[in-house]
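Peer 1: Give me a model of this one.
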Amino acid sequence: MPAAVAPTLDEIRQAAHRLGDVVVHTPLVPLHSFSHRSTILLKLEIHQPVTSFKIRGVYNAVASLSDRERQRGLSTVSAGNTAQALAWVGRRFGVSARSVMPEQAPASKVDAVRAYGGTPVLLPMPEVFRYLREHLWEQEPYAFIHPWINRNVMIGHASLALEILEDCPDVDSVFVPVGGGGLIGGVGAALKALRPTAQLVAVEPEECPSLARSIDAGKPVSVDCNTICDGVAVPYMTEEMFPLLNDLVDRVVLVSERAVKSAVKQLAFGNKIIAEPSGALTAAAALSVAEAERGKSVCLVTGGSIDEAKLVSILSETY
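Peer 2: Sure thing, here's the model as predicted:
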């Protein structure tokens, strides 16, 4: 497939209009601090109907299909949040929604997919990524919504940046978690078009640094991936997404597993926010960067689906 092309501002604004009665314009909330102010603002995508930002891109992509295409049924590959969004959107359009998911996906995400009316198809992790890498969806009858390289998904995700700049026009840096790259590709394109002086900071777990290692190598590479951040646990950077991300991203910050857990705990007790580990990545990253380097920062809290036992374990540990 050809390299991803950055969304245009016209496309992003059209998507934002299309999403107007579907998504919530989520608030920017200061990260709790005992000092008099915080220069870290949290963009709370946990307030979306499916508790993650994924509804933006998935809805935009499905709405862009023809009625005939949608009637074939929808399909995607997901660690959980895209699958939830597809199920929700499928129900809204009155069509089926099927998601290939890893067997070890959090039970809370699998259960939510079913609750929204979707069908999870659980496979071993290597088979999930083989399905993507070998384009096995092309052998099936469904309308496939690729979670990263579908351009309409990326355009829908970019609507986030319009909200950020409306609420914080003087933002100095935006911290975005990276899995497959669809979110940061969309947000980055809008940010660079409207506020080119702002830093686009990519955030990855130390235990799954596919973008960082690809940038180091100057080409897409695969990495070992063993992280609590299941929502961004993508062990390779695609040929399609790498050129765009390499061009857009100003800096990559890697976050330890310990720092992620600490951020989950800080968000819960400080801001009373329940975030999954992938959703807390950016707050952990911003806390590790000196204010003089990052300025006024916005961190995307991308999702809140976390198993109860995992949350209890994280909250009860000392970091």
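Peer 1: ok, and what's touching stretch 24-43?
Peer 2: 44-45, 47-49, 160, 163-164, 167-168, 171, 266-267, 270-271, 273, 283, 286-287, 291, 294-301 (Cβ atoms under 8 Å, 6 or more residues apart in numbering). For glycine as for every other residue, the C-beta is placed from the backbone atoms N, C-alpha and C.
Peer 1: Show me these that map onto strands.
Peer 2: When the contacts of stretch 24-43 are checked against strands (DSSP state E), the matches are 44, 297-301.
Peer 1: and these, which two are the farthest apart?
Peer 2: 44 and 297 (14.7 Å; Cβ to Cβ).
Peer 1: low-confidence ranges in the stretch 201-319 of the chain?
Peer 2: Applying pLDDT under 70 to the stretch 201-319 of the chain flags no residue at all.
Peer 1: Tell me which stretches of it form strands.
Peer 2: 251-255, 297-301 (DSSP state E, counting those that start in this stretch).
Peer 1: Send over the first one as PDB, restricted to the C-alpha atoms.
Peer 2: Extracted in PDB, the C-alpha atoms of strand 251-255 (Å, rounded to 0.1, in the frame of the first residue of the first chain):
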ATOM      1  CA  ARG A 251      10.500  14.100  19.800                       C
ATOM      2  CA  VAL A 252       9.900  10.600  21.100                       C
ATOM      3  CA  VAL A 253       9.700  10.000  24.900                       C
ATOM      4  CA  LEU A 254      10.000   6.400  26.200                       C
ATOM      5  CA  VAL A 255       8.300   5.600  29.500                       C
END
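Peer 1: mind listing what it pairs with, with the direction of each?
Peer 2: Counting by DSSP bridges, the strands paired with strand 251-255 are strand 199-205 (parallel).
Peer 1: got it, and the last one?
Peer 2: Strand 297-301 has its sheet partners listed here by DSSP bridges as strand 40-44 (parallel), strand 173-177 (parallel).
Peer 1: Only alpha carbons, please: show that strand as PDB.
Peer 2: Output of strand 297-301 as PDB, limited to C-alpha atoms (Å, rounded to 0.1, in the frame of the first residue of the first chain):
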ATOM      1  CA  SER A 297       1.600  20.800  27.500                       C
ATOM      2  CA  VAL A 298      -1.500  18.800  26.500                       C
ATOM      3  CA  CYS A 299      -1.500  15.100  27.200                       C
ATOM      4  CA  LEU A 300      -4.000  12.800  25.500                       C
ATOM      5  CA  VAL A 301      -5.600  10.500  28.000                       C
END
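Peer 1: Run through the strands of the stretch 1-150 of the chain in chain order.
Peer 2: Under DSSP E, counting those that start in this stretch, the stretch 1-150 of the chain gives strands at 28-30, 40-44, 74-77, 97-102, 119-123, 143-144.
Peer 1: tell me which strands and helices the fourth one is in contact with?
Peer 2: It stands for strand 97-102. Contact analysis of strand 97-102 by 3 or more Cβ pairs under 8 Å, 6 or more residues apart in numbering; DSSP states H and E lists strand 74-77, helix 81-93, helix 107-115, strand 119-123, helix 125-133 as its packing neighbours.
Peer 1: would you list every one of the helices in the stretch 201-319 of the chain?
Peer 2: Using DSSP state H, counting those that start in this stretch, the helices of the stretch 201-319 of the chain run over 210-217, 242-248, 257-270, 277-288, 291-294, 308-316.
Peer 1: Go through those and pick out the most buried.
Peer 2: helix 277-288 (a mean of 27; mean count of other Cβ atoms under 10 Å).
Peer 1: Relative to the whole chain's centre, how far out is that helix?
Peer 2: The chain centroid and the centroid of helix 277-288 are separated by 13 Å, computed with Cα atoms, centre = their mean, to the nearest Å.
Peer 1: now do stretch 38-52
Peer 2: 12 Å.
Peer 1: Give me the mean pLDDT for the longest helix along the chain.
Peer 2: The residue-count maximum for a helix in the chain (DSSP state H) belongs to helix 151-167. Confidence for helix 151-167, expressed as mean pLDDT, is 98.
Peer 1: Dump it to CSV, keeping only the CA atoms.
Peer 2: Listed next in CSV are the C-alpha coordinates belonging to helix 151-167 (Å, rounded to 0.1, in the frame of the first residue of the first chain):
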residue,chain,number,x,y,z
ARG,A,151,-7.0,7.5,5.9
ASN,A,152,-10.5,8.3,7.1
VAL,A,153,-9.7,6.9,10.5
MET,A,154,-6.7,9.2,10.7
ILE,A,155,-8.8,12.2,9.6
GLY,A,156,-11.4,11.5,12.2
HIS,A,157,-8.7,11.2,14.9
ALA,A,158,-7.3,14.6,13.8
SER,A,159,-10.5,16.3,15.1
LEU,A,160,-8.9,16.0,18.5
ALA,A,161,-6.3,18.7,17.5
LEU,A,162,-9.0,21.2,16.5
GLU,A,163,-10.5,20.9,20.0
ILE,A,164,-7.1,21.3,21.7
LEU,A,165,-6.2,24.4,19.7
GLU,A,166,-9.7,25.9,20.4
ASP,A,167,-9.4,25.4,24.1
